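Asker: Next come a sequence and a model predicted from it.
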Amino acid sequence: MVTFPNAKINLGLYITRKREDGFHDLETVFYPVQLCDVLEIIKNKENEFSFTTSGLQIAVSSSENLCTQAFQLIKKDFPNLSNAQMHLHKTIPMGAGLGGGSSDGAYALQLLNNKFQLNISQNDLAKYALQLGSDCPFFIHNKPCIAKGRGEILEEINLDLSKYFIVLIHPKIHINTGWAFSQIQPKSLEISLNETISRPVEEWKHTLQNDFEKPVFEKYPAIKSIKEKLYERGAIYASMSGSGSSVYGLFKENPESIDFGFEKEYFQFMEKLPQMHR
């Protein structure tokens, strides 16, 4: 059985409070995009769990990968679960603010549920996903959502960007998430994110912001230049996703013929945003 864990982008990202547990509360919109990995699972004839990868090199060990952790999590509550052979082909850049690892973990939960007919409800899958990571539950729902808290409090919203094209650039610069959070002075939103996101996309350039951009752009001017170049080439909205370092631009027209001039070692993805079926 094969599935395709997809990436996400952040539409706006605001750090609103530092919590007593050391984490931060945030507000953002998670929006799914079609860039995806490939995850396959089959029953392992040798009666043991195995996990292999291909594609982009993964920095963490197999035991630390969220796909493996998803299997171990389900195995605790379903001890008779048949052992599985799982293979992940990695396409989504890692440490890029695109949620690729979180998506892999969430999709692994769903794949195990479907493959072995465990009949776990979507709500319970989301609870399992939260044990893997704060933004993992989003990929169980996988529809546009306003996310609050650490990213686990989700409110589905009616937002359809399928008439736009997205250009996604990753300069292969690693942003330390802990450092990025340490540069932010949390503050409450003056205008609700729901209100901001409901405005025309053409207005987002002036109203929809990512709090991480200021410190990241100051330290890594190359990332700032990507955003500027996307606007120069006709994007109606451009932003860094998550804490970086990926930057995306939304275009009204197909940008395939546009020469963005990015260096060859930059990861570049271009696609029409998906239609959200409701």
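Answerer: In hand now; what should we look at?
Asker: Break down this structure into its helices, ranges please.
Answerer: Counting by DSSP state H, one finds helices in the chain at the ranges 66-77, 100-115, 122-132, 136-141, 177-182, 193-197, 204-207, 213-219, 221-232.
Asker: Residues touching the last one, excluding its own?
Answerer: So the one you mean is helix 221-232. 167, 169, 171, 173, 205, 213, 216-217, 238-240, 244-245, 247-249, 260-262 (Cβ atoms under 8 Å, 6 or more residues apart in numbering). Using the backbone N, CA and C atoms, a C-beta is placed for each residue, glycine as well.
Asker: Just the buried ones out of those, please.
Answerer: 167, 169, 171, 173, 213, 216-217, 238-240, 244-245, 247-249, 260, 262 (16 or more other Cβ atoms under 10 Å).
Asker: which residues touch N142?
Answerer: For N142, the contacting residues are 6, 32, by Cβ under 8 Å, 6+ apart.
Asker: how near is it to F212?
Answerer: 23 Å (Cβ to Cβ, to the nearest Å).
Asker: now K219
Answerer: 11 Å.
Asker: Show me which of the two is the more surrounded one.
Answerer: F212 (26 against 15; other Cβ atoms under 10 Å).
Asker: Find the nearest non-adjacent residue to the more buried one, please.
Answerer: S243 (4.7 Å; Cβ to Cβ, 6 or more residues apart in numbering).
Asker: hmm, back to that, what's the closest of the helices of the chain to L13?
Answerer: helix 213-219 (8.7 Å; Cβ to Cβ).
Asker: confidence score at the most centrally placed residue in the chain?
Answerer: Residue closest to the mean C-alpha point of the chain, counted by Cα atoms, centre = their mean, is G99 at 2.6 Å. pLDDT for G99: 96.
Asker: didn't it look like it was pressed against S134?
Answerer: No - assessed by Cβ atoms under 8 Å, G99 is found out of contact with S134, at 10.4 Å.
Asker: leaving aside the residues next to it on the chain, what's closest to G133?
Answerer: S102 (5.0 Å).
Asker: Could you tell me the per-residue confidence at the one you found?
Answerer: 96.
Asker: Next up, the contacts around it.
Answerer: S102 neighbours (Cβ under 8 Å, 6+ apart): 66, 132-133, 135-136, 138-139.
Asker: Max pairwise distance over those: which two?
Answerer: L66 and F138 (13.6 Å).
Asker: what's the spacing between L159 and L11?
Answerer: The value you get for L159 to L11, if Cβ to Cβ is used, is 8 Å.
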